[in-house]
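Here's my sequence, what's the structure:
(chains A and B)
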Amino acid sequence: MSSGIKIHCPDPAIRRSVESWLEEGRIEPPLPLGIDIHLQALPRRPDLPPPVFRQPGVTLHLLPPDNRLLISWETAPAVAELSSDDRCARVVLSPQAVEHIEESKRTFLLTVLIFLLRRVGWHHVHGGTAVDPTGRGWLFAGNSGSGKSTTTALVGTRGWAVGTDDIAFLAQTGERVEARSFRSRIGLRPGGQDLLARMGGVPLPDRGKVGYWPDELGGTWAPRVEPEIVMFTTVGDDSTRAERLGPGETLAELVRWSAWVVVEPGLAEQHLALLARLGRQSRAYRLSLGRDLFRHPDLLSELIR
Amino acid sequence: MTIRYRPHPDLRLSSLEGEGVALQLGTRRYFTVNKTGLVILEALATPRTLDELVAVVVERFEVTREQATTSVRGFLDRCREAELISELEGEG
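As a prediction, this is how the structure comes out:
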């Protein structure tokens, strides 16, 4: 199966590795995209402007004079460059980065993919997605450790369709916003495994988790989810609580969890409009996840009618 | 000398049911904006003076001119500090 993203690389093993990752993710962008990978040592760039954004392992710079985006990996020397209208990212991997190619997929190459997909109107949101048995789409947005993966795994055990536990792309489809899922295993930390009484799974050492496909949990995979309910999750105490958010708070939380909106001025307006559209089509809540959810796994559906 | 206010070139505004978020692309910060603030920022599509903005607020909300003046002045100060707006000085 082709991902719709063409990989160019002089090393067939690296090309195949990246292609396999994208094929597994089942991302099908609306227009052809490419990643052009060069393998070479990377010179130091002392002239780089200060980063405009930093996340674990990855920094972003806007290069003068035309605000070309430079994505830099900190684990091993690797960079990618993209202008706002590029449909192909130019990636340079150093020999050290090639040695860590698997690790790069969760951090550096994922960031490249996120910014490449922005060029075709798909905007990343740090969230999990699912569809409940009545057909309602849910988006669970929040930080790492906020319970997104455990919640998506839990609802998977109740027969919900699960799209992703943390990599979703918002895309406009007609008048609606859909969340397109990057297919990857739902990652559970040992605590989540215990709560769900789960054994087995595949170790995901780069995430410090154990991974399960939705169908291994009793659910199915949902490539597209149209969110009607948006939950901004945090881990709370014993009782699960949901507090309805007003429109301003909803919009601010969507900006917070789709934070790339602040990075590239040329794409900000489209991205903001998409978030506002999502806010209009959904009801948003601040969800404090309690341990009672594991004693009453249908509690979410009961809380949000 | 009259001071008119206008949106900062790095301001992007998004609204939902009368409330909004103001994004400052230069500083990469964002701010929630209530109904009154949104009306003021939207009114700045055309540069306006404090008095003109007060008139907009008095027309839209049930407030006295004095209350509106205090509220608009405070909001403009915060917006200027956050680089969401800038000032234009001119005659008349």
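
Now the residue of chain B found nearest chain A. Nearest residue, chain neighbours left out?
Ranked by CB to the nearest CB, the top residue of chain B for proximity to chain A is residue B:19, at 3.3 Å. The way it works is simple: take the backbone N, C-alpha and C, and place the C-beta from them, glycine included. Among residues not flanking residue B:19 along the chain, residue A:248 sits closest, at 3.3 Å (CB to CB, 6 or more residues apart in numbering or on different chains).

now do residue B:33
In this structure, residue B:33 finds its nearest non-sequential neighbour in residue B:20, 4.3 Å apart by CB to CB, 6+ apart.

Smallest gap between chain A and chain B, at which residue?
residue A:248 (3.3 Å).

A helix includes that residue, no?
Yes. Applying DSSP: H, G, I helix; E, B strand; the rest coil, one finds residue A:248 inside a helix.

okay, now it: neighbour count?
Residues lying near residue A:248 (other CB atoms under 10 Å in any protein chain shown) number 23.

I'd like the distance from it to residue A:64, if you could.
According to CB to CB, to the nearest Å, residue A:248 and residue A:64 sit 35 Å apart.

now swap in residue B:12 and tell me
Residue B:12 is 21 Å from residue A:64, by CB to CB.

For those two, work out which one has more neighbours and name it.
Per other CB under 10 Å, whichever of residue B:12 and residue A:64 has more neighbours is residue B:12, with 21 against 9.

so which helix or strand takes in the residue lying closest to that one once chain neighbours are set aside?
Among residues not flanking residue B:12 along the chain, residue B:23 sits closest, at 4.4 Å (CB to CB, 6+ apart). Per DSSP states H and E: residue B:23 is located in strand B:19-24.

now swap in residue A:38 and tell me
Per DSSP H and E: strand A:33-39 holds residue A:38.

Mean pLDDT per helix and strand in chain A: which one sits at the bottom?
The weakest-scoring helix or strand in chain A, judged by mean pLDDT, DSSP states H and E, is helix A:190-196 (a mean of 78).

Show me which residues of the helix or strand following it are buried.
Using DSSP H and E, the helix or strand that follows helix A:190-196 in sequence is strand A:202-204. For strand A:202-204, the neighbour count (16 or more other CB atoms under 10 Å in any protein chain shown) marks residue A:204 as buried.

helices and strands around strand A:202-204, which ones?
With contacts defined as 3 or more CB pairs under 8 Å, 6 or more residues apart in numbering or on different chains; DSSP states H and E, the packing partners of strand A:202-204 are strand A:209-212.

Report the backbone C-alpha coordinates of the strand it packs on in PDB.
The C-alpha trace of strand A:209-212 is given here as PDB (Å, rounded to 0.1, in the frame of the first residue of the first chain):
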ATOM      1  CA  LYS A 209       5.200   1.900  26.700                       C
ATOM      2  CA  VAL A 210       3.700  -1.300  25.500                       C
ATOM      3  CA  GLY A 211       1.700  -1.100  22.300                       C
ATOM      4  CA  TYR A 212      -1.600  -2.600  21.200                       C
END
